[in-house]
Every structure is written in structure tokens, then in C-alpha cells.
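**Q** predicted model follows, preceded by the sequence.
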There are 2 protein chains.
Amino acid sequence: MNHKVTIADIARELNLTGATVSRALNNRKGTSEDTRRLVQDTAERMNYRRDRIAYSLRSGRTNIIGVIIPSAEINFFGSVVHGIESMANQHGYSVLLYQSNEQPEYEKKGIETFLSSRVDGILASIAKETTEFSHYLEIKERGVPLVFFDRANDSLNIPSVVIDDYKGAYIATEHLIRQGYKRIAHIAGQQHLKIFKDRLEGYKAALTAYGITVEDELVYFGNVSIASGRQAIQHLLSLSKPPDAVFAVEDFTALGAVKEIKDKRIEIPEAFGVVGFANESFDEHITPSLSSIDQQTVQMGKEAFKLLMELIEDKGDVHVQKRTKIVLEPLAAFRQSSMRR
Amino acid sequence: MNHKVTIADIARELNLTGATVSRALNNRKGTSEDTRRLVQDTAERMNYRRDRIAYSLRSGRTNIIGVIIPSAEINFFGSVVHGIESMANQHGYSVLLYQSNEQPEYEKKGIETFLSSRVDGILASIAKETTEFSHYLEIKERGVPLVFFDRANDSLNIPSVVIDDYKGAYIATEHLIRQGYKRIAHIAGQQHLKIFKDRLEGYKAALTAYGITVEDELVYFGNVSIASGRQAIQHLLSLSKPPDAVFAVEDFTALGAVKEIKDKRIEIPEAFGVVGFANESFDEHITPSLSSIDQQTVQMGKEAFKLLMELIEDKGDVHVQKRTKIVLEPLAAFRQSSMRR
């Protein structure tokens, strides 16, 4: 291979000091926007390649962030990651992903891997099976910036970007009421996860607001899966007074519900309405297309990255150690499965 | 935080030498299976935490592998990653993912990030837009083991795990012939990607084997997307002698085809048959459910990891520098969209 281009080479080429070139390359304060651009363009033209290990030892930064996602097979997370990546790219950061597969053991291993790879910060969405959070607290203890997205735990005092799940559930349930459904059930998720608890509360609040009594037998507690959606419908239809609509805690559960209702030859949306949550990409492809609540995923990713950047930049500044929480608005994404009017 | 448990502590606890404990922890040869297990269990019980930076400096290994995937939103790759992770977990490796978003620029950045994070090896599936491969050759030059999965390039002389795309396409086309369809079209993908080229060849070979003339006008070249599937159907149905079935190069294209055919009120599978490729998770959820070819994704991930392990273990051994290629069998996954008999 050829001579390796160094910061000194770029400095010589541009008649600048090495310190200025270094600051410009690392996006640090103290250089003008023009200089920064000139240096970065020149570095690219000269095929400069930062030795990240050396850079990391000098600066304490790697310009890599780690993202813990519960599953790469849920489009929701893929979409949030797109938002994260688009911002990271603009800021010269690389994004590494780690799948927890919804298991705390993997989550711990991912965090350990990120910490030993010396990432500059971590974004994470908590695994469904996680009920103990010491591995997240260790990130904090080590002084590495951490931001939760979507699945957060408020008691940990860690910044987060979430959507208003309560409001999303309220909008979904209100929509079913306005479509004229009379007995609206809810397929709930694991209640140790705040997002699922909030959705149950939003469902109850909408019924109450419209003068409808909340009936315990119309709330089914599932485990957030296609199978659980099917089981919920089997149970709900066996009631002496079965429901005529269901708000499911998320779209895979709603998909299972739709399948079971279709198998029972009940017409959707005429005789039975279904609304899910998350606006998964399959929603528009199934028949009938699935009504859902959109979580502004790309925006969530962008906001989470911005919050993390602030923590990285202001590391050590006590002010930002205060909890920050960004709450995004849920959006209606109603389709055939609930539109009978 | 408490006293950090070291290898010396574990050695003292078990009355072994530090070298033995170290070998056992690092899964190196020279310790019995029993000793290895005892040491690893004890390390876990004592809450031993390997300092990976120190370990890496000593051993030259990080026990991290990097995986470049074109997109986390394609279930196919999520499923391959599951296979990789299950093996990696057994072998004490952590898996980091990087999304190329089908763009060579991102692919380069991902490789750079992995190399500077000192991963022990890289698994990669080539981005659709990549036509120049120097960034992959650089991995080789740096002496870091690399294995391609699914989307490989044979001319680079890099080990790979792929499925027999030619055979998969042959099986899909033969199935349509046996179902009695008379004019079978193909929606092809970008021909610089070997997998798509092989599928076109397999389609042609099946027609020829059954004495059916291959007609150029029945092959539509798309860009592998839902929109492209719709456009293909619009074009094919406008022909003076339109087809009555289509084999699409992959499932998103097939999904677009199904949507367009349904919009035109043509009955599937009675009047028109559709088969895709990849066995994406949405296949069984759409109406009609989509026939496809299964690529043994989890197995592909496992084989790719095993091949990479061999390269990492035998690094420097010239024998394994020879090209290795593992070809998996495609499996039929036929559903409603093509089963008219």
C-alpha cells in the first residue's frame, strides 16, 4: 500500500497548522464552517484515513455510537434506525447495531461489547423480557452517554425519546367508538413495560370519556405476538356478550386477531373492527389493510440521536445530567380494518 | 465499584495456573472440555469481566465479529443474523451489525468502522448498488477474515455461503408449468448481481427443459421493489399476448405484482399465478398468501459463521486462503398464489 496520508500532509497542503486540521476533521469548535469544509474535502481528496485507534487514544472519542434494538425483524426498529443513521451520517458518526432478541442476557452482552469497543454513546430500546436494569445503570456509571428510545424506564432517570402511548391508545379507541362499534375490547401487552401499560390506560380513558363502562372481561392480557392475538379473539368471542371491535396493543397482535376473525368468517370491518399500534410496514399489504397508530419512527430516531449528541458534547456538564424526555405525538393511520363509515 | 476480578483471582480460586485459566476463557486449544467449563462457570460466578481492550492488545483478538447487511427491514437478513448470532453465542463471540442501506458509501463506512473496532472477522452481503469492490479487497489485504453470505461476488476469490439461485428459480418456474400455466413471465432484477442473473438463467432453463420457447418480451427487468412489480404487470398485461403467470425475482417485487393483478380484478391463482423468491415473513400474511422459494436463512447464517470461525482460527494458514464456497439447497414454499390444482 502507498504512503499513509497524515494530518501533517493535509496541513502542509493547505498551509494550516496541524491543530487546525485536527479540529476541523473532528468537528470540534474553533474552526470556521468554511475551513472545516475545506479541510474535510481535502482530506477526502487526498484519501486521508483516520486511524481510529490512535485517534481514540488521543481524543477519547471513536465517533461510533451503538444502538441496542430488540429485534431487526420488527420494521418499527428498522425505521427508527434509519432516522438515527441519517443524522449520524451528517455528523460523521458510524452506527453499530446490536440485536437483543428481547432477552436481557443478550442486552447485557451487547452493552458490554459496545463499552469495550469504546463507543461514544449508546441508544437503546429495552427488551421485552428485561425487568432488572443494572446493566443500563452501569453504562451511566461508566460515564457513557445513554438515551432510550420508544421503550424506556422512567425510574432510571435516563433521557429518552418516546411517543405518547396513552394518547395513541386514546385516539385508536376513540376512532372505534366514532365508527359506531359498541363493545370495544383491548388486547394488552406485558404490564411491566410502560408503553403497554400506558396503552391500556389510554384505552380506558377514551371509553370513560365517552360514558362507556370499562369491563374487565374485555381486556385480554397477551404476550405481544400473532399467536396471542389469535388466542385473544378465541377467548373474547367465547364471552356471553362478545365484543364487536378490538384495539390491539401492537400490530403483530392485531394481525393475529384479523386472521382469527377471518377464519371465523366474521366480516371486517362491517361486523368487527380492528385497530393495532405501530404502523408496521405489513399493515397496508394485508387484507383488509390494518388500521394503526403511527409512531413517527424516523423522527424518533433523529431526536434520539440529537439528544445523544448533546450528552456527548456536553459530557461532564451537570446541567444535562438532568433527565430529559422528548415525547412525540402519535398519528392516526386508519385503513380498511376499522373504517365502516 | 468493587475490586475487579482478574484471571489471577480465578486461578487462585481453582488452584490452576493463570495461563490455563486464560486459555480456557479464550476457548483456545490446550485445555480439556471439563476444565474449560469449570473455568468459565467460575468466572461467571465470580463476576469476572474481561477487559477487552487489554485482552485485545495481548491476544490480537476482540471476540467481536461484524456483519454488513444491506437492510434491517428485509426479514431475510434478520433471519440470517439469527443464525449467525446463535452460533456466535455458543462460541463466545459478540455480533455487531451495520446497515449499508444498499449503498456502497455506507458499505465502505461500515467496513472502516469494523476494521477500526478491530473485529476478528467480517460477514457481508453485498449492497445492490455496489459495482466496485475495492473496499472488500481491502479487508482481505488487511488480513481480516471475510465471508460473503447470499450476495457474493465469485470473481473476488472470497469464501461465501449462498443458495443455489439457479435451482431455486428452476423449481419456481417448473412449479408454474406443472400447475398448468401456459405463458410464464419473469420479473428480473439487476443483472450485475449474480443472484439475480442466476435466477433469470434458472427460469429460462426450466422453460427450455419443458419444451417452452423463451420469449424476450416475457422478461421484464425491474429494480427489485413493490413499485417495480406493479410496473412489470402493467407492462406485461399490455402485451398482445399477455402472460398468465409470473415468477418474480424476489418477494417485494412479487407483492407489487399481486397488488397490481388484484387491482385489475384478475383472479389469483385461477387466472394468474405468482411465485416470488426469499420466503419473506409477510408471504403468509397477505391475501392470497404468496408462493415463494425458501433460502434456509438460519442455516445460511450458521454456515457463514462456521466458515468465518475456520478462517479466524487458521489465520495465516495458506490452505484456507483457497476459495471455499458453500451452496445451500433452495426449498419450495408454495402457497395460495400459485396453487390452482
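**A** Now that the structure is in, tell me what you want to look at. Numbers count the residues shown, from 1 in each chain, chains lettered A, B, ... in the order given.
**Q** please enumerate the strands of the stretch 51-200 of chain A.
**A** Remark: strands assigned in the stretch 51-200 of chain A by DSSP state E, counting those that start in this stretch are A:64-69, A:94-99, A:121-124, A:146-149, A:160-163, A:184-188.
**Q** helix, strand, or coil at A:Asn27?
**A** Put simply, A:Asn27 is coil when judged by DSSP: H, G, I helix; E, B strand; the rest coil.
**Q** save the strands of the stretch 51-200 of chain A as CSV, and put in distance to B:Lys262 too.
**A** From N, CA and C alone the C-beta is placed, and that goes for glycine too. Below are those laid out as CSV (distance: least, Cβ to Cβ, whole Å):
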stretch, distance to B:Lys262
strand A:64-69, 33
strand A:94-99, 35
strand A:121-124, 40
strand A:146-149, 36
strand A:160-163, 33
strand A:184-188, 29
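**Q** dump those into JSON lines; add mean neighbour count and distance to chain B as well.
**A** Listed next are these as JSON lines, based on neighbours: other Cβ atoms under 10 Å in any protein chain shown; distance: least, Cβ to the nearest Cβ, whole Å:
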{"stretch": "strand A:64-69", "mean neighbour count": "26", "distance to chain B": "6"}
{"stretch": "strand A:94-99", "mean neighbour count": "25", "distance to chain B": "4"}
{"stretch": "strand A:121-124", "mean neighbour count": "26", "distance to chain B": "13"}
{"stretch": "strand A:146-149", "mean neighbour count": "26", "distance to chain B": "15"}
{"stretch": "strand A:160-163", "mean neighbour count": "26", "distance to chain B": "19"}
{"stretch": "strand A:184-188", "mean neighbour count": "26", "distance to chain B": "17"}
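**Q** for B:Ser292, which of the ones you listed is the nearest?
**A** Nearest of those to B:Ser292, taken as Cβ to Cβ: strand A:94-99 at 24.0 Å.
**Q** low-confidence ranges, chain A, go.
**A** Along chain A, segments meeting pLDDT under 70 span A:1-4, A:29, A:49-60, A:315-323.
**Q** show me it divided up by domain.
**A** Using automatic domain parsing, the domain ranges for chain A come out as A:7-49, A:62-162+A:296-325, A:165-295.
**Q** name the helix or strand for the closest residue to chain B within the stretch 151-300 of chain A, please.
**A** For the stretch 151-300 of chain A and chain B, the shortest gap (Cβ to the nearest Cβ) falls at A:Thr287, measuring 3.8 Å. Element membership for A:Thr287 (DSSP states H and E) is empty, with no helix or strand holding it.
**Q** repeat for the one 5 residues further on
**A** For A:Ser292, the element it lies in under DSSP H and E is strand A:292-294.
**Q** show me how far that strand is from its chain's centre.
**A** 14 Å (Cα atoms, centre = their mean, to the nearest Å).
**Q** from the contact counts, what lies against it?
**A** On a contact count with 3 or more Cβ pairs under 8 Å, 6 or more residues apart in numbering or on different chains; DSSP states H and E, strand A:292-294 meets helix A:165-178, strand A:331-333.
**Q** contacting residues for the residue of the stretch 151-300 of chain A closest to chain B?
**A** Shown in contact with A:Thr287 (Cβ atoms under 8 Å, 6 or more residues apart in numbering or on different chains): A:Gln336, B:Ile286, B:Thr287.
**Q** for the residues you listed, which one is nearest B:His192?
**A** B:Ile286 (29.6 Å).
**Q** excluding its backbone neighbours, what's nearest the closest one?
**A** Spatial nearest neighbour of B:Ile286, chain neighbours left out: A:His285 (5.3 Å); criterion: Cβ to Cβ, 6 or more residues apart in numbering or on different chains.
**Q** report how many residues lie close to that neighbour.
**A** 20 (other Cβ atoms under 10 Å in any protein chain shown).
**Q** ok, now which ones touch it?
**A** Contacts of A:His285 (Cβ under 8 Å, 6+ apart): B:Leu255, B:Lys259, B:Phe282, B:His285, B:Ile286.
**Q** again with A:Ile65
**A** Shown in contact with A:Ile65 (Cβ under 8 Å, 6+ apart): A:84, A:88, A:93-96, A:119-123, A:305, A:308.
**Q** cool, and A:Gly78?
**A** Per Cβ under 8 Å, 6+ apart, neighbours of A:Gly78: A:Ala72, B:Ser71, B:Ala72, B:Glu73.
**Q** coming back round to it: how about the contacts of A:His285, which pair is most distant?
**A** B:Lys259 and B:His285 (13.8 Å).
**Q** related to what we said a few turns ago, pick the most deeply packed of the helices and strands packed on strand A:292-294.
**A** Per residue and on average, the most neighbours among the helices and strands packed on strand A:292-294 fall to helix A:165-178, with a mean of 22 (mean count of other Cβ atoms under 10 Å in any protein chain shown).
**Q** by contact count, what packs against that one?
**A** Short answer (3+ Cβ pairs under 8 Å, 6+ apart): helix A:165-178 packs on strand A:184-188, helix A:194-209, strand A:245-248, strand A:273-275, strand A:292-294, strand A:331-333.
**Q** the helix or strand that the second one is followed by pairs with which strands, and in what direction?
**A** This points to helix A:194-209. Heading C-terminal from helix A:194-209, the first helix or strand you meet, by DSSP H and E, is strand A:219-221. Strands adjacent to strand A:219-221 in the sheet, as given by DSSP bridges, are strand A:184-188 (parallel).
**Q** show residues contacting the partner strand.
**A** So strand A:184-188 is in contact with A:173, A:176-177, A:196, A:199-200, A:203, A:207, A:212, A:218-222, A:228-229, A:232, A:236, A:243-249, A:253-254, A:257, A:273, going by Cβ under 8 Å, 6+ apart.
**Q** report whether the strand or helix carrying A:Phe305 contacts chain B.
**A** Using DSSP H and E, A:Phe305 sits in helix A:297-313. No. Helix A:297-313 does not reach chain B (Cβ under 8 Å from any Cβ of the partner chain); its nearest approach is 10.9 Å.
**Q** may I see the buried residues of that helix?
**A** For helix A:297-313, a neighbour-count test (16 or more other Cβ atoms under 10 Å in any protein chain shown) marks A:297-305, A:307-312 as buried.
**Q** and stretch A:273-290, by the same measure?
**A** A:273-280, A:282-283, A:285-286, A:288-290.
**Q** got the CA coordinates for stretch A:76-92 in PDB?
**A** C-alpha atoms of stretch A:76-92 as PDB (Å, rounded to 0.1, in the frame of the first residue of the first chain):
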ATOM      1  CA  PHE A  76     -40.500  -0.300  13.600                       C
ATOM      2  CA  PHE A  77     -36.900  -0.500  14.800                       C
ATOM      3  CA  GLY A  78     -35.500  -0.600  11.300                       C
ATOM      4  CA  SER A  79     -37.300   2.600  10.600                       C
ATOM      5  CA  VAL A  80     -36.000   4.300  13.800                       C
ATOM      6  CA  VAL A  81     -32.500   3.200  12.900                       C
ATOM      7  CA  HIS A  82     -32.900   4.900   9.500                       C
ATOM      8  CA  GLY A  83     -33.600   8.100  11.400                       C
ATOM      9  CA  ILE A  84     -30.600   7.600  13.600                       C
ATOM     10  CA  GLU A  85     -28.400   6.800  10.700                       C
ATOM     11  CA  SER A  86     -29.400   9.800   8.600                       C
ATOM     12  CA  MET A  87     -28.400  12.200  11.500                       C
ATOM     13  CA  ALA A  88     -25.300  10.200  12.400                       C
ATOM     14  CA  ASN A  89     -24.100  10.400   8.800                       C
ATOM     15  CA  GLN A  90     -24.500  14.200   8.800                       C
ATOM     16  CA  HIS A  91     -22.400  14.300  12.000                       C
ATOM     17  CA  GLY A  92     -19.600  12.000  10.900                       C
END
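**Q** what residues of that stretch count as buried?
**A** A:76-85, A:87-89.
**Q** now, which of those sits nearest chain B?
**A** Distance to chain B, by Cβ to the nearest Cβ, is smallest for A:Gly78 among the buried residues of stretch A:76-92, at 4.0 Å.
**Q** and A:Met87, what does it touch?
**A** Contacts of A:Met87 (Cβ under 8 Å, 6+ apart): A:Gly301, A:Lys302, A:Phe305, A:Lys306, A:Met309.
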